[in-house]
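In: Build the 3D model from these lines:
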Amino acid sequence: MEHRRKKQKSRQQRKKRIRRKIIGTTDRPRMSVYRSLKHCYVQLIDDTAGKTLLGCSTRSKELRGDITKTGTIEAARMLGRLVAEKALAQHITRVVFDRNGFLYHGRVKAIAEGAREKGLQF
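Out: Residues are numbered from 1 along each chain as shown. Below is the predicted model of the structure:
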């Protein structure tokens, strides 16, 4: 139990340090990634206006039929592609990637790669 609290606290500190530098604008929103044990969530956020422009997750209706297990790297890659398609439909081509304190590895990396495949620029 103690190990879990330490790990969570270090992620929160890392997140706070990263967020000082990363700011989303209307032209280039912040692409915030969160992963839990079962699902991944992505939001495009305009920090200057304080609004979420777009949000998707592995629980989204568009992905339910395509994904059998939601906590996999392949599901995360498909989520990245879906976010990129929706962003391009709203004429958003460039984003600032916010890994939210998570290491750029595994599912977080797969989301970024999937978004790049569909044409989103970081």
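In: all contacts plus neighbour counts: C-alpha atoms, from now on.
Out: OK.
In: so who does residue 13 touch?
Out: residue 101 (CA atoms under 8 Å, 6 or more residues apart in numbering).
In: did I read that right, it in a helix?
Out: Yes. Checked against DSSP: H, G, I helix; E, B strand; the rest coil, residue 13 lies within a helix.
In: Quick check: pLDDT value at it.
Out: If you check residue 13, the pLDDT there is 91.
In: shaky segments in this structure?
Out: Residue ranges of the chain with pLDDT under 70: 1.
In: and the residue most central in space within the chain, bridged to which residues?
Out: Residue closest to the mean C-alpha point of the chain, counted by CA atoms, centre = their mean, is residue 33 at 2.4 Å. With DSSP bridges as the criterion, the beta-bridge partners of residue 33 are residue 42.
In: ok, now how distant is it from residue 21?
Out: Residue 33 sits 16 Å away from residue 21, going by CA to CA, to the nearest Å.
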